[in-house]
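[1] Predicted model and sequence below, questions to follow.
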Amino acid sequence: MVTRLYTNPIFLEHLTPPGHPERPDRLRAVERMLDDEAFADLDRVMAPKGDEETILYAHPREFVERVRAAIPQEGIVNLDADTSVSPKSWQAAVTAVGAANAAVDDVFEGRAANVFVASRPPGHHAEKTTAMGFCLFNTAAIAARHAQRRHGVERVAIVDWDVHHGNGTQDIFWDDPTVMYCSTHQMPLYPGTGAKSETGVGNIVNAPLAPRTGSDVFRDAFNSRVLPAIDSFAPDLIIISAGFDAHHRDPLAEINLTEHAFDGATGQLMERATRHAGNRLVSLLEGGYDLQGLAFSVAAHVGRLMKG
């Protein structure tokens with residue numbers, strides 16, 4: 001089977017203020033890289049608009065309607081110091097949810113070996129009732145719940161290697177033993193959560209990394225904390241919150257990984273998906289703000305997904 005790629009032009013129409021790091025050029029850089037001949041065998045599919053009711057899998061209706069009401073008819077509105085919306089932001093966010101849910105369906109229904117969703121806005125900072133950190137809705141959390149509700153999945157593992165801790169995903173699944181959340185991230189750094197002591201009901205595994213640690217320390221943390229937790233949990237599906245802002249070129253942090261670290265981590269998770277989850281693996285783009293570092297990292301990640 002093939003690796004499927006979901007994209008949609010609507011993701012470019014979620015606009016942010018001038019100088020904002022989470023900008024449409026991020027996706028343009030990813031798309032240019034994946035247009036290379038090396039990725040000719042990708043199964044490219046237009047991301048579908050999602051079912052808005054599935055957002056309620058992770059967020060209460062009152063919060064969802066509050067986000068909808070904040071969408072302006074023109075211009076850009078700030079929800080907080082970091083997070084903004086523009087006229088097409090609702091459609092972009094709902095389509096990101098639709099793509100993630102479709103990716104889950106694909107790996108359960110045999111249409112793809114694995115799937116990468118190149119979407120924006122990102123999602124992992126969105127808590128149950130708070131949009132923050134460039135994120136409106138928690139796409140990975142919604143996709144995990146979709147897998148459980150539609151496909152009868154018992155256990156889902158979400159692995160988050162974005163350089164910023166996914167406080168939103170942790171918040172949503174804090175007391176839910178059916179979803180494991182594993183995160184490597186720089187600490188101290190925004191949003192300030194993600195200490196090793198934050199364990200939920202035994203389903204939260206945080207591996208904080210000090211600044212300027214590099215790829216070797218990342219690999220050690222991944223191998224010693226994340227992978228044993230996944231093996232113990234034995235998930236039926238693995239979802240990657242694939243942020244690439246831990247790359248050494250990224251301006252927002254300083255773990256200083258190379259793209260080869262993402263290649264290696266991808267291969268490790270593919271092996272766990274084979275061992276525990278019938279090969280079912282879905283990857284969702286989160287952060288990554290240096291355009292070259294992002295493009296090189298996505299190339300390494302997707303290239304590894306395609307190799308099988």
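    Here it is on my side, so go on.

[2] where along the stretch 51-200 of the chain do the helices fall?
    For the stretch 51-200 of the chain, the helices defined by DSSP state H, counting those that start in this stretch occupy 61-70, 89-109, 139-151, 167-173.

[3] out of those helices, nearest to Leu291?
    helix 89-109 (19.1 Å; CB to CB). (Glycine included, C-beta is placed from N, CA and C.)

[4] Check which helices and strands the closest one is in contact with.
    strand 3-7, helix 61-70, strand 114-117, helix 139-151, strand 237-242, strand 281-285 (3 or more CB pairs under 8 Å, 6 or more residues apart in numbering; DSSP states H and E).

[5] related to what we said a few turns ago, tell me which of the helices of the stretch 51-200 of the chain approaches Ile204 most closely.
    helix 167-173 (5.8 Å).

[6] Distance to Ser89 and mean neighbour count for the helices and strands packed on helix 89-109 - can I get that in JSON lines?
    JSON lines is the format used below for the helices and strands packed on helix 89-109 (distance: least, CB to CB, whole Å; neighbours: other CB atoms under 10 Å):
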{"stretch": "strand 3-7", "distance to Ser89": "17", "mean neighbour count": "24"}
{"stretch": "helix 61-70", "distance to Ser89": "9", "mean neighbour count": "14"}
{"stretch": "strand 114-117", "distance to Ser89": "17", "mean neighbour count": "28"}
{"stretch": "helix 139-151", "distance to Ser89": "14", "mean neighbour count": "25"}
{"stretch": "strand 237-242", "distance to Ser89": "20", "mean neighbour count": "28"}
{"stretch": "strand 281-285", "distance to Ser89": "16", "mean neighbour count": "29"}
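
[7] I'd like the ones you listed laid out as CSV, including distance to His14 and mean pLDDT.
    Putting these into CSV (distance: least, CB to CB, whole Å; pLDDT from 0 to 100) gives the following:
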stretch, distance to His14, mean pLDDT
strand 3-7, 13, 98
helix 61-70, 13, 98
strand 114-117, 15, 98
helix 139-151, 13, 98
strand 237-242, 18, 98
strand 281-285, 13, 99
